[in-house]
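A.B. asks: one predicted model, sequence on top.
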Amino acid sequence: MANPRIMTWDPTQFFRTEEGLPPSPYALLILNHPINERAYDVLRKHALTTVCADGGANHFYEMMKARGREDVDHPTTIIGDLDSIHPHIKSHYQSHGVNVIYHHDDYSTDFTKALRYIRANTSEILSSSAASSTPDHDQANNTHQQYNQDDSLSILILGGLGGRVDQAFSQIHHLYSNSTIPSSPSSSSSTEEGRKRGEGALYLVSEESITFILHPGKNVIRTPGVKRGDIPSSSSSSSDSGGIKGREEEYLLEENVGIIPLSGMERITTKGFQWDVESWETEIGGQISTSNHIRAEEVEVTAGGAVLFTVELAGRFKRISS
């Protein structure tokens, strides 16, 4: 009999800059929403490429213009039907050699076009990881290492879940429908090999949270550096808090999480939370798990189908409201 499927997630690896080691390879995808600049400033340091989905280029340009760096820091690629990007911004980036791709398809959104572009060019992105700095990185931040072409490439999507409710649901829909979810049971080793050979994980980084889709089976999520309510902030102990000694500038996550079923009823079993459950029925219109609290450096969620997992970022990574 096959072993239960096990999938390991490490959403904070992209923010753990103090460790001095680059995370697994990833690309940044900028949506047509205000950018969480605090998160971006950390994530840009190791991103192998930055792709703007059409109007996402407007937000990128305005962010850089406010810093006086619009002529220095550029995205690598802009792709979409180009009906949202402002003409002067399009011309600006074209004049600086940015790859601007017109892609018309009435049956896909700019979000999907950008995702497909990154995935179609994963091998090229990985193989060029040791080359000179990409247009969106200055030399001081170009700390890339060489990756293998058969590595998976995670995609960190910078976009908002605030504002219009229908747009927030659209982002969750795209996150769900574009996540690589195994369709049949397999061993833990073959699942990990499948991820290596295939598409990397998708993480949505919004104003206050990082959100991703857990796969059917057992999911182990690494959660070091959590500002936990069961550990006093003045504690000097590092063994229970992932090496965090209570200083706000070193936290990676707040303790709040949600586990949301997206496609009918699911049964979930959890470990490492303040309120753990076993074979607990959850569905929209019934019971759902929100505002639970992390209580371990690794937490576990086992479900029969794919469910959404969202965890609150530490305050220093949250978007400052204008």
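C.D. replies: Happy to help now that I have it. Small disclaimer: the values here were computed from a predicted structure and weren't measured.
A.B. asks: wait, isn't V205 in contact with D41?
C.D. replies: No: the criterion here is CB atoms under 8 Å, and V205 misses it with D41 at 12.0 Å. Every C-beta, even on glycine, is put in place using the N, C-alpha and C of the backbone.
A.B. asks: so between these two, which is more surrounded?
C.D. replies: Counted by other CB atoms under 10 Å, V205 and D41 do not tie: V205 has more neighbours, with 28 against 13.
A.B. asks: OK, contacts around that one?
C.D. replies: If you count contacts by CB atoms under 8 Å, 6 or more residues apart in numbering, V205 has them with 36, 39, 43, 156-159, 313.
A.B. asks: restricted to helices, list those.
C.D. replies: The helices in this structure, assigned by DSSP state H, contain 39, 43 from the contacts of V205.
A.B. asks: next, the buried residues of the helix or strand hosting I172.
C.D. replies: I172 is part of helix 165-178 when elements are defined by DSSP states H and E. By neighbour count, with 16 or more other CB atoms under 10 Å as the criterion, the buried positions of helix 165-178 are 167-168, 171-172, 174-176, 178.
A.B. asks: could you list the residues in contact with that helix?
C.D. replies: By CB under 8 Å, 6+ apart, the residues outside helix 165-178 that reach it are 31, 33, 109, 111-112, 115, 157, 159-162, 202, 204, 211-213, 262-263, 306, 308.
A.B. asks: ok, of these, which come out buried?
C.D. replies: Buried positions within the contacts of helix 165-178, assessed by neighbour count (16+ other CB under 10 Å), are 31, 33, 109, 111-112, 115, 157, 159-161, 202, 204, 211-213, 262, 306, 308.
A.B. asks: which of those fall in helices?
C.D. replies: Per DSSP H, the subset of the buried ones among the contacts of helix 165-178 in helices is 111-112, 115.
A.B. asks: JSON lines for the contacts of V205, including distance to S291?
C.D. replies: JSON lines is the format used below for the contacts of V205 (distance: CB to CB, whole Å):
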{"residue": "N36", "distance to S291": "21"}
{"residue": "A39", "distance to S291": "22"}
{"residue": "L43", "distance to S291": "26"}
{"residue": "L156", "distance to S291": "25"}
{"residue": "I157", "distance to S291": "24"}
{"residue": "L158", "distance to S291": "24"}
{"residue": "G159", "distance to S291": "23"}
{"residue": "L313", "distance to S291": "15"}
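A.B. asks: most surrounded residue in the contacts of V205?
C.D. replies: Neighbours here are counted as other CB under 10 Å. On that basis the top member of these is I157, with 28 neighbours.
A.B. asks: now do the strands in the stretch 1-150 of the chain.
C.D. replies: 6-9, 26-30, 50-53, 77-80, 99-102 (DSSP state E, counting those that start in this stretch).
A.B. asks: in the last one, which residues are buried?
C.D. replies: This means strand 99-102. For strand 99-102, a neighbour-count test (16+ other CB under 10 Å) marks 99-100 as buried.
A.B. asks: counting by contacts, list what it packs against.
C.D. replies: Counting contacts by 3 or more CB pairs under 8 Å, 6 or more residues apart in numbering; DSSP states H and E, the secondary-structure elements packed against strand 99-102 are strand 77-80, helix 87-95.
A.B. asks: could you export it as PDB, CA atoms only?
C.D. replies: Once non-C-alpha atoms are left out, strand 99-102 reads as follows in PDB (Å, rounded to 0.1, in the frame of the first residue of the first chain):
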ATOM      1  CA  ASN A  99      10.500  43.000 -22.700                       C
ATOM      2  CA  VAL A 100       6.900  44.100 -23.300                       C
ATOM      3  CA  ILE A 101       4.800  41.300 -24.800                       C
ATOM      4  CA  TYR A 102       1.300  41.800 -26.300                       C
END
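A.B. asks: still on that earlier bit, looking at the helices and strands packed on strand 99-102, which is buried most?
C.D. replies: Per-residue neighbour counts averaged over each of these give the maximum for strand 77-80, namely a mean of 27 (mean count of other CB atoms under 10 Å).
A.B. asks: ok, that one: who's next to it in the sheet?
C.D. replies: Taking DSSP bridges as the criterion, strand 77-80 pairs within the sheet with strand 50-53 (parallel), strand 99-102 (parallel).
A.B. asks: just the mean pLDDT for the last one, thanks.
C.D. replies: Pointing back at strand 99-102 there. Here the mean pLDDT over strand 99-102 is 97, rounded to a whole number.
A.B. asks: in TSV: the strands of the stretch 1-150 of the chain, plus distance to H86.
C.D. replies: Shown next, in TSV, are the strands of the stretch 1-150 of the chain (distance: least, CB to CB, whole Å):
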stretch	distance to H86
strand 6-9	37
strand 26-30	15
strand 50-53	12
strand 77-80	12
strand 99-102	13
